[in-house]
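> Generate a structure from the sequence data that follows.
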Amino acid sequence: MTGPTAGRPGPTVLVVEDDAETRAVLVRELATRGYRVVEAPDGATALREWQARRPDVVLLDLGLPDVDGLQVIRRIRRDASTPIVILSGRYEEREKVEALERGADDYVTKPFGVDELHARLRVAIRHAAGPAANAEGRTSVGPLELDPARHEVRVRGTRVDLTPIEFELLRVLMSHAGRLVTKGRLLRSVWGEAYQGEDSYVYVHVSQLRRKLAAADPDGSLRDLIVTEPGVGYRVRDPSDLPA
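Alright, predicted model coming up:
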């Protein structure tokens, strides 16, 4: 099913949800916001529609009646980097983490607000279009700028003294601005495969990083830059949510 759009067609979203009532709400709300919506009530239909339509983003419920939602992620990731946003129940923490580790880009917990869902989809689509860095490789989020070539972080032009671990943590998080990064992915990216399960490493260094960034910007705009997703990981707030 394709939803109506006004003017130029918007991005195509494949909504995979077995509950007919929830699916109808999603189709209606997303179509109203300009998306072209394709719907699927189960995993088999989802994979057929994905293969035929190649949507810009997939909105996927993990609890499907025919196949595990993780199988849908695995099949899509065999061929494409299409962004995948998970719809999950409030207490499906383990499933959310596994989905993100398998290649999903983000998740929204039921019950969800349409504004939050729209924001997650927008960030996923934007990130899929290419890296956030400028031509020189620098990445900015609000007043914060990270320069990987010089190994420098600056807030409003003033350098912030970070350890190598803190710098690498911030680099990974900023490269995924607006999107969730699991603790497992941070451990692999910053410390390496040998440190899997050492979640305390991430907690301690993220706490130190937060303190340094907050101290570097007394007006408070960076105090809540790094958001904790309990039991799952962290995300740097989307640049559009922060003052320049």
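> Point me to the residue sitting closest to the centre of the protein.
The structure's the chain has its C-alpha centroid closest to R179; by C-alpha atoms, centre = their mean the separation is 2.5 Å.
> Around the nearest residue to T158 once chain neighbours are set aside, count how many other residues there are.
The shortest distance from T158 to any residue that is not its chain neighbour, by C-beta to C-beta, 6 or more residues apart in numbering, is 6.7 Å, and that residue is A216. All C-beta atoms are positioned from the backbone trio N, CA, C, and that covers glycine. The criterion is other C-beta atoms under 10 Å. On that basis, A216 has 19 neighbouring residues.
> Please renumber the chain so that the first residue is 882 from this point on.
With the count now opening at 882, the last piece we talked about shows up as A1097.
> Looks like A1097 contacts G1038 (just checking).
No - with contact defined as C-beta atoms under 8 Å, A1097 does not count as touching G1038 (10.8 Å).
> ok, the strand or helix carrying V919: who's next to it in the sheet?
Take DSSP states H and E as the rule and V919 turns out to sit in strand 917-921. Strands adjacent to strand 917-921 in the sheet, as given by DSSP bridges, are strand 893-897 (parallel).
> Pull out the buried positions in the strand it pairs with.
Buried positions in strand 893-897, judged by neighbour count with 16 or more other C-beta atoms under 10 Å: 893-897.
> Please apply the same query to stretch 947-959.
Residues 950-951, 953-954, 956-957 are the ones in stretch 947-959 that count as buried (16+ other C-beta under 10 Å).
> following the particular helix or strand that has R1066 in it, which helix or strand comes up?
When secondary structure is defined using DSSP H and E, the element that contains R1066 is helix 1064-1067. Using DSSP H and E, the next helix or strand after helix 1064-1067 towards the C-terminus is helix 1080-1097.
> In the next helix-or-strand element following that following helix, which residues are buried?
Using DSSP H and E, the next helix or strand after helix 1080-1097 towards the C-terminus is strand 1107-1110. Of the residues in strand 1107-1110, those buried by neighbour count under the rule 16+ other C-beta under 10 Å are 1107, 1110.
> Which residues does Y988 form beta bridges with?
Note on Y988: beta-bridge partners I967, judged by DSSP bridges.
> So it versus L998, what's the distance?
Taken as C-beta to C-beta, to the nearest Å, the spacing of Y988 relative to L998 amounts to 11 Å.
> intersection of neighbour lists for the two?
Taking C-beta atoms under 8 Å, 6 or more residues apart in numbering as the contact definition, Y988 and L998 share the neighbouring residues V966.
> When those two are compared, which one has more neighbours?
Neighbours of Y988 and L998, each counted by other C-beta under 10 Å, are more numerous for Y988; the result is 23 against 18.
> which ones are touching that one?
When contacts are counted by C-beta under 8 Å, 6+ apart, Y988 touches 966-969, 977, 980-981, 1001, 1061, 1113.
> Could you do D899 as well?
Counting by C-beta under 8 Å, 6+ apart, D899 has contacts 922-923, 942, 944-946.
> Looking at the residues you listed, spot the one nearest W931.
Minimum distance to W931 across the contacts of D899 is 12.6 Å, recorded for D923 (C-beta to C-beta).
> per-residue pLDDT, the nearest residue to the closest one once chain neighbours are set aside?
Of all residues beyond its chain neighbours, the one nearest D923 is D947 (4.6 Å), with distances taken as C-beta to C-beta, 6+ apart. At D947, the model reports a pLDDT of 92.
> Check the gap between D947 and D986 for me.
In this view, D947 and D986 are 23 Å apart by C-beta to C-beta.
> ditto for V938
The spacing between V938 and D986, counted by C-beta to C-beta, is 8 Å.
> So for those two, which residues contact both of them?
Common contact partners of V938 and D986 (C-beta under 8 Å, 6+ apart): 964-966, 1005, 1009.
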